[in-house]
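**Student:** Here is a sequence together with a model predicted from it:
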Amino acid sequence: MPLEPPPRDRAGKVVPHDHTGVGPSDGVIRRISENQLVTDKNGQRRISSKAFQASSGPNAGMSVDLECSIIGAGLDVATYVTTPRWIGSVRFEAGALRQEGYQVGFDPIPENPHHGEVWGDFGRSRRRRLQQLCVWFVPIPGVLAESA
């Protein structure tokens, strides 16, 4: 079943919100690119904590894909979130993000009708906490999810 449209301001922009159609156990997928990987002093590749930050701009959140929306469209989630640019992904549960004080909302965009946002505090310690909460969804061989 498709998600209800998100709330919008007078200019038509999605406002930060907790979408009622995204349940506590629903997956929130964060795509990972090669640019979001670092090599630590021991030569181990890891996801950088910078991969868990908000984009710039007013009301900007961390860009994600909503698993329930992708499944509702009859698509394979792992295939949908993996492209030549996005070589891997991690998964959160919406309820875990909300327990940390984040809002999880639906924010469809023309190039991605299953796009969502996670809004809240993305300070350094909070980004490290996000790394602790996620699990690999589409793993990148030889890369650890832990912070560098």
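**Tutor:** Happy to help now that I have it.
**Student:** Run through this structure and note the low-pLDDT ranges.
**Tutor:** 57-59, 145-148 (pLDDT under 70).
**Student:** quick one: buried residues of the lengthiest helix in it?
**Tutor:** Secondary structure of the chain per DSSP state H: the longest helix is helix 124-133. Neighbour-count burial for helix 124-133, counted by 16 or more other C-beta atoms under 10 Å, picks out 126, 127, 130, 131, 133. Every residue, glycine included, has its C-beta placed from N, CA and C.
**Student:** Output these as TSV; include the columns distance to residue 41.
**Tutor:** Shown next, in TSV, are these (distance: C-beta to C-beta, whole Å):
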residue	distance to residue 41
126	24
127	20
130	23
131	18
133	25
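**Student:** Of those, which is the nearest to residue 95?
**Tutor:** Among the buried residues of helix 124-133, residue 133 lies closest to residue 95 (C-beta to C-beta), at 10.7 Å.
**Student:** what about the closest one, distance to residue 34?
**Tutor:** 23 Å (C-beta to C-beta, to the nearest Å).
**Student:** hmm, back to that, now do the longest helix of the chain: distance to the chain's middle.
**Tutor:** 13 Å (C-alpha atoms, centre = their mean, to the nearest Å).
**Student:** which strands and helices sit next to the following helix or strand past it?
**Tutor:** Heading C-terminal from helix 124-133, the first helix or strand you meet, by DSSP states H and E, is strand 135-138. Contacts defined by 3 or more C-beta pairs under 8 Å, 6 or more residues apart in numbering; DSSP states H and E place strand 135-138 against helix 77-81, strand 86-93.
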